[in-house]
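Asks: all I have is the shape, not the residue letters:
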């Protein structure tokens, strides 16, 4: 595997049109490509075809990656690779995920601009993540999916007197697999009907019992149990597709 410095050097050359650099990046990241495509084996698509789709997503990641994102290239590439495969397997599924991410990215950018207007300085990365109930690394990936506007990359002076960008202050703390799972799960929950989303929120974010949720919703505990079982089944299916 290439170290970070070698990866960035290859990326710069690949983006400038160096075919050998692109081939080396793909070759050195074969294990990453295979780990992602394994999720989609048994879906009626041959292994070689899945690998080709993964490579296409990887090349798109090369073209769209910006060093100012402040994350490792592999972290940025994971959702791009998975998205390319999902787009092939079920056309509108990946589009919905993309739209959801872009909508969230617009909301984050609006929040940052409003915060700057009110306080005269950008919000701390942890504050952005807290405001949207996201991890800091996930904020970077979400913003990257919508091609962050320039203002997010502007140099800003922090207390340590080092001029850095907001993106550079947003480390990716989770593994690629965990990050991908979380993003896919959030997208799947967003597609649930309003009542089912509320049940998920009350049960798993407010830690209510089924009986407490039943009183909130106005149905029996048995019905909540049945609905919850259906939700879990649907979400599990969405994550496995």
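Replies: Okay, I see it. For clarity, every value in this text was computed on a predicted model and none was experimentally measured.

Asks: ranges for the helices of this protein?
Replies: Ranges of helices within the chain are 4-15, 19-28, 30-37, 47-64, 73-89, 91-119, 125-131, 136-145, 176-190, 194-204, 210-217, 221-240, based on DSSP state H.

Asks: residue 188 touches residue 235, doesn't it?
Replies: Yes - using C-beta atoms under 8 Å, residue 188 is in contact with residue 235, at 5.2 Å. All C-beta spots, glycine's among them, are computed from the backbone N, C-alpha and C.

Asks: out of the helices of the chain, deepest packed?
Replies: helix 136-145 (a mean of 24; mean count of other C-beta atoms under 10 Å).

Asks: quick check: mean pLDDT of it?
Replies: Averaged across helix 136-145, the pLDDT comes to 68.

Asks: can you check stretch 190-207 too?
Replies: Taken as a whole, stretch 190-207 has a mean pLDDT of 83.

Asks: and the residue nearest to residue 50 when sequence neighbours are not counted, what is it in contact with?
Replies: Distances taken as C-beta to C-beta, 6 or more residues apart in numbering put residue 37 closest to residue 50, at 4.3 Å, once the chain neighbours are dropped. For residue 37, the contact set (C-beta atoms under 8 Å, 6 or more residues apart in numbering) comprises 47, 50, 51, 53, 54, 81, 85.

Asks: return the distance of the fifth one relative to residue 134.
Replies: Relative to residue 134, residue 54 is positioned 26 Å away (C-beta to C-beta, to the nearest Å).

Asks: please apply the same query to the last one.
Replies: In this view, residue 85 and residue 134 are 24 Å apart by C-beta to C-beta.

Asks: for residue 17, phi and psi?
Replies: Main-chain dihedrals, residue 17, degrees, to the nearest 10: phi 110, psi 10.

Asks: pLDDT value on residue 80, please?
Replies: Reported pLDDT for residue 80: 86.

Asks: domain-wise, how is this protein divided?
Replies: Domain segmentation of the chain under automatic domain parsing yields 1-89, 92-176, 192-240.
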